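K.L.:
give the three-dimensional model of this entry:
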Amino acid sequence: MSDYVIPPPEPKEIDEQNWLALRDLMERAVLRPVPFEGREQCNNCLYYLDPDAGISYCWHPQLRVLVGEQWWCQWWEAVPDE
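P.N.:
Numbers count the residues shown, from 1 in each chain. Prediction:
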């Protein structure tokens with residue numbers, strides 16, 4: 001058995017860079033955990049990658065994060081009728 005002890009986690013420079021980028025995104029985005037007016041929500045938005053999934057990737061250029069199906073943001077856009 002090894003005597004190696006795992007050191008406690010410490011933030012690295014990349015963690016601070018990621019935080020600054022995400023903080024900027026949070027300040028620009030209006031991302032809510034509930035649908036807007038009960039009908040506009042991520043799983044019926046053009047940018048929600050997998051509408052059948054409870055959590056999916058939002059590929060809107062201003063966001064590009066994982067979101068929940070009932071979330072909403074100000075960039076919500078209806079899926080066009082085919």
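
K.L.:
spit out the contact partners of residue 53.
P.N.:
43, 69 (Cβ atoms under 8 Å, 6 or more residues apart in numbering). All C-beta atoms are positioned from the backbone trio N, CA, C, and that covers glycine.

K.L.:
check it and give its pLDDT.
P.N.:
Looking at residue 53, its pLDDT reads 96.

K.L.:
wasn't it part of a helix?
P.N.:
No: counting by DSSP: H, G, I helix; E, B strand; the rest coil, residue 53 is not found in a helix; it is coil.

K.L.:
helices or strands up against the helix or strand of the chain with the lowest mean pLDDT?
P.N.:
Across the helices and strands of the chain, the lowest-confidence element by mean pLDDT, DSSP states H and E is strand 31-32, at a mean of 84. Judged by 3 or more Cβ pairs under 8 Å, 6 or more residues apart in numbering; DSSP states H and E, strand 31-32 is in contact with strand 72-73.

K.L.:
contacts for the strand it packs on?
P.N.:
Taking Cβ under 8 Å, 6+ apart as the rule, strand 72-73 contacts 29-32, 34-36, 40-42, 58, 60, 63, 67.

K.L.:
thank you, goodbye.
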